[in-house]
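Participant: when you get a sec, could you give me coordinates for this:
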Amino acid sequence: MLDLELLRSFVSVVDAGGFTRASERVHRTQSTVSQQIKRLEDDIGQPLLNRNGKDVTPTEAGERLLSYARRLLSLAEEARDVVARPESEGAIKLGIPEDFAAYRLAKLLATFSRSRPGLRLDVRADQSTYLRRDIERGDLDLALLKRDAGEKGAIAVWPEKVHWVTSKIHPVDIDAGSVPLIGFPAGCLYRSRAIHALESAGRFWHMAYTSSGLAGIQAAVAAGLGLSILSDIAIQAGHRVLTAKDGFAPIDKTELALVASPDASPATLRLADRLAEFCDSVDAKAA
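Facilitator: Okay, here's the model as predicted:
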């Protein structure tokens, strides 16, 4: 019989692409996770992971086991929840950035909500500066937010790749004086990054288009109304990335952070685990 804890560690290692981040997901030391994988490989009788330095990928046998492991873990969690679930589990107040994988993230949240009918989700999409404020003063239980790279205090973090973008069909004339900017309202990290980068380079700028929604910013860029800063996953087919050759140096590093309130409930931490797995998968696809 396969040990569910061993399977959980195996799935975490594959999703995270290595032992270090996986150990954070399952709340074990790296050496413990490594020992668990060794025990699982002994039980199966075959190597399950290819180890190449810090990079870890599943072997052919590991790939076959992976789908079964996910199903077994999901079924075990469902059984535990059905038996142990109280009539009401309260509510989780979650904050998310509007411009982060909105559609796929909404599907994950809907699936989580359906699996726990006694739990009420209260989700708010907003600028990271407001999400940070509200998690600090207790108005949110959990938040995914964007911040400067290297800050302390988070369940997990994922580095972001952000780029200057213009329209592919109607590119902005970047040598025609003041640079027209497109972005979120004041307080947005990307907006601040763009203004700082332009002023550091001695360029004049003006806000040409401000939108509180990502779709408006993407459309304005594609139409040629100005330049903006977007993350990898927000760049569309109608956009062209500007590089140092175009006179636009790389933007200072940012990261996506998963932050919980100090008194987060078990249900909140369970949702945090699901969000961490989701962000791991998004980060792996963007790499």
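
Participant: show me where the chain has strands.
Facilitator: Using DSSP state E, the strands found in the chain span residues 49-52, 55-58, 90-97, 119-126, 142-148, 156-160, 162-167, 179-183, 205-210, 228-231, 239-242, 254-260.

Participant: of those strands, which is nearest residue 26?
Facilitator: In terms of Cβ to Cβ, the element of these nearest to residue 26 is strand 156-160, at 12.2 Å. All C-beta atoms are positioned from the backbone trio N, CA, C, and that covers glycine.

Participant: so can I have a markdown table of the strands of the chain showing distance to residue 39, mean pLDDT and mean neighbour count?
Facilitator: As requested, these are exported to a markdown table (distance: least, Cβ to Cβ, whole Å; pLDDT from 0 to 100; neighbours: other Cβ atoms under 10 Å):
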| stretch | distance to residue 39 | mean pLDDT | mean neighbour count |
| --- | --- | --- | --- |
| strand 49-52 | 13 | 87 | 13 |
| strand 55-58 | 16 | 87 | 15 |
| strand 90-97 | 34 | 91 | 20 |
| strand 119-126 | 34 | 90 | 16 |
| strand 142-148 | 33 | 92 | 23 |
| strand 156-160 | 25 | 89 | 18 |
| strand 162-167 | 41 | 95 | 22 |
| strand 179-183 | 51 | 95 | 23 |
| strand 205-210 | 55 | 96 | 16 |
| strand 228-231 | 39 | 92 | 24 |
| strand 239-242 | 46 | 96 | 18 |
| strand 254-260 | 29 | 92 | 21 |
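
Participant: which residues does the closest residue to residue 132 other than its chain neighbours contact?
Facilitator: Excluding the flanking residues, the one nearest residue 132 by Cβ to Cβ, 6 or more residues apart in numbering is residue 145, at 5.6 Å. Contact analysis of residue 145 by Cβ atoms under 8 Å, 6 or more residues apart in numbering lists 95, 97, 128, 131-132, 135, 256-257, 259.

Participant: taking those residues together, which two end up most distant?
Facilitator: The distance between the two most remote of the contacts of residue 145 (Cβ to Cβ) is 14.1 Å, for 135 and 256.

Participant: low-confidence ranges, the stretch 1-150 of the chain, go.
Facilitator: The model of the stretch 1-150 of the chain has pLDDT under 70 over residues 82, 84-89, 101-103.

Participant: quick revisit: and the contacts of residue 145, which is closest to residue 47?
Facilitator: Checking these against residue 47 with Cβ to Cβ, the nearest one is residue 256 at 32.9 Å.

Participant: what sits opposite residue 125 in the beta ladder?
Facilitator: residue 96 (DSSP bridges).

Participant: I meant to write residue 57 there.
Facilitator: residue 50.

Participant: picking up where we left off before, which one of the contacts of residue 145 is nearest residue 4?
Facilitator: Out of these, the member with the shortest distance to residue 4 (by Cβ to Cβ) is residue 259, at 28.3 Å.

Participant: which residue packs closest to residue 165, ignoring adjacent ones?
Facilitator: Leaving aside its sequence neighbours, residue 165 sits nearest to residue 239 (Cβ to Cβ, 6+ apart; 4.4 Å).
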